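Trainee: Need the 3D shape of this:
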Amino acid sequence: MTNYELMLILDPALDDETRVQTLETVKSIIDAEGKAGEVDEWGVKKLAYPINKKPEGYYVVMQFEAEPTLPKELDRRLRISDFVMRHLIVNKDEDN
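Mentor: Model (predicted):
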């Protein structure tokens, strides 16, 4: 299993219930082939540049362990999500 870090920028206009449901969906995708870890919700922050005409985003950082095939599927599913404005998956075990 490889250690990864996922950063999500969610739409700041989401209500709390939808945001929690979105994060649970991401966790369930990860848990299907790996193990979701710590979730750190940073809250609403100003973006460096507007995305979809929105100056702010709701930042979430999630640690997880998974097989090397999971990030590709997770990336595909996050791209088609209406609630995720941007995301980034980083392999923490990769040597520099």
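
Trainee: Output the longest helix belonging to this structure.
Mentor: Longest among the helix segments of the chain by residue count, using DSSP state H, is helix 16-33.

Trainee: Could you name the helices and strands sitting against that one?
Mentor: Under the contact criterion of 3 or more Cβ pairs under 8 Å, 6 or more residues apart in numbering; DSSP states H and E, helix 16-33 touches strand 2-10, strand 34-51, strand 54-66, helix 70-79. From N, CA and C alone the C-beta is placed, and that goes for glycine too.

Trainee: try it again with 10 Å
Mentor: Contacts defined by 3 or more Cβ pairs under 10 Å, 6 or more residues apart in numbering; DSSP states H and E place helix 16-33 against strand 2-10, strand 34-51, strand 54-66, helix 70-79, strand 84-91.

Trainee: what stretches of this protein score poorly on pLDDT?
Mentor: 95-96 (pLDDT under 70).

Trainee: re the thing from before, can you redo the helices and strands packed on helix 16-33 as a markdown table, where the extra columns are distance to Thr22 and mean neighbour count?
Mentor: Formatted as a markdown table, the helices and strands packed on helix 16-33 follow (distance: least, Cβ to Cβ, whole Å; neighbours: other Cβ atoms under 10 Å):
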| stretch | distance to Thr22 | mean neighbour count |
| --- | --- | --- |
| strand 2-10 | 6 | 19 |
| strand 34-51 | 12 | 12 |
| strand 54-66 | 9 | 18 |
| helix 70-79 | 10 | 15 |
| strand 84-91 | 7 | 15 |
